[in-house]
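Chemist: Starting from these lines, generate the structure:
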Amino acid sequence: MVVIGNSAIRKILRILIPFFAVPAAVLAGVYVFEDKMYAYVSLLITILSVVLFISGFERRETGSRRMVIVVVMTVLAVVGRFIPVIKPVAAITVIAGVYLGGESGFLVGAITAVISNFFWGQGPWTPFQMFSWGLIGLGAGIFGKYLKKNKPLLYAYGAISGVLFSVIMDVWTVLWNNEDFSYDAYLAAIASAAPMTVLYAISNIIFLILCFDTIGKKLDRIKTVYGI
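Modeler: Have a look, this model is predicted:
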């Protein structure tokens, strides 16, 4: 496992990649590249997500062990997309972010989107999903110490994550159906998606209630045993 050695570089990457590089790649997929280029945009975001993940640790052995856990969490999230109606993707991404760090949470969310879409269908929406779920995992890591101790705050974050995912995907809806971004069209898209947004929020809370402590205790035990 490659390690990025300079702490200053790691800090810059942890800000630059999720808040500037990935959004720029997503928007480039809409405004710069042709329709069929979304696969390359998804690949670029995957690479950026891995670099962000690598920037989150210092020791090679710790990073390798963390990667194994991230793979397991990603598999759980991918399988979870096959559950009818309500999906645990955001909840599992939140758990990964809280217990493994924001960089790991971002990677779980982003990779889950691109891998699961091999079954659900790849398209220009994939980069938006990668960014949405990745951002949810990153935020969970940033506020992890508070979310871990405060269940009402955790459930509130789960609900907000459902809203965040929906409003970001509504951006894609507007951009894909219009030549330019329109606030009126965006508000209309948000209104039409409101029932699904509520469902996202409620499902996130349900899965966090069911899975947070169970999976979290196992992750804590693994971290202790393997010194992660």
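Chemist: The nearest residue to F82 once chain neighbours are set aside and V79, how far apart?
Modeler: Leaving aside its chain neighbours, F82 sits nearest to F119 (7.7 Å; criterion: C-beta to C-beta, 6 or more residues apart in numbering). Using the backbone N, CA and C atoms, a C-beta is placed for each residue, glycine as well. Distance, F119 to V79, using C-beta to C-beta, to the nearest Å: 10 Å.
Chemist: which of the two has more neighbours?
Modeler: V79 (14 against 10; other C-beta atoms under 10 Å).
Chemist: re the thing from before, before we move on, what SS does the residue nearest to F82 have?
Modeler: helix (DSSP: H, G, I helix; E, B strand; the rest coil).
Chemist: can you map out the helices along the protein?
Modeler: 7-16, 22-31, 38-54, 60-80, 89-100, 102-120, 126-142, 144-149, 151-177, 183-192, 194-226 (DSSP state H).
Chemist: Give me the packing partners of the third one, helices and strands only.
Modeler: Pointing back at helix 38-54 there. Counting contacts by 3 or more C-beta pairs under 8 Å, 6 or more residues apart in numbering; DSSP states H and E, helix 38-54 is packed against helix 7-16, helix 22-31, helix 60-80, helix 102-120, helix 126-142.
Chemist: Can I get these in a markdown table including distance to G158 and mean pLDDT?
Modeler: Listed next are those as a markdown table, based on distance: least, C-beta to C-beta, whole Å; pLDDT from 0 to 100:
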| stretch | distance to G158 | mean pLDDT |
| --- | --- | --- |
| helix 7-16 | 23 | 88 |
| helix 22-31 | 22 | 89 |
| helix 60-80 | 14 | 86 |
| helix 102-120 | 13 | 96 |
| helix 126-142 | 9 | 97 |
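Chemist: Figure out which of these is closest to L153.
Modeler: Closest to L153 of the helices and strands packed on helix 38-54 is helix 126-142 (C-beta to C-beta; 11.3 Å).
Chemist: So what's the residue count around F118?
Modeler: 10.
Chemist: T173 too?
Modeler: If you count neighbours by other C-beta under 10 Å, T173 ends up with 19.
Chemist: and if you look at T46?
Modeler: T46: 18 surrounding residues under other C-beta under 10 Å.
Chemist: Against F143, how distant is the closest residue to it other than its chain neighbours?
Modeler: The spatially closest residue to T46, leaving aside those adjacent along the chain, is V114, at 6.0 Å (C-beta to C-beta, 6+ apart). Using C-beta to C-beta, one obtains 25 Å as the distance from V114 to F143.
Chemist: hang on, the residue nearest to T46 packs against F128?
Modeler: No: applying C-beta atoms under 8 Å, one finds V114 not in contact with F128, separated by 11.5 Å.
Chemist: And those two? Which one has more around it.
Modeler: Neighbours were counted for V114 and for F128 using other C-beta under 10 Å; F128 has more, 27 against 20.
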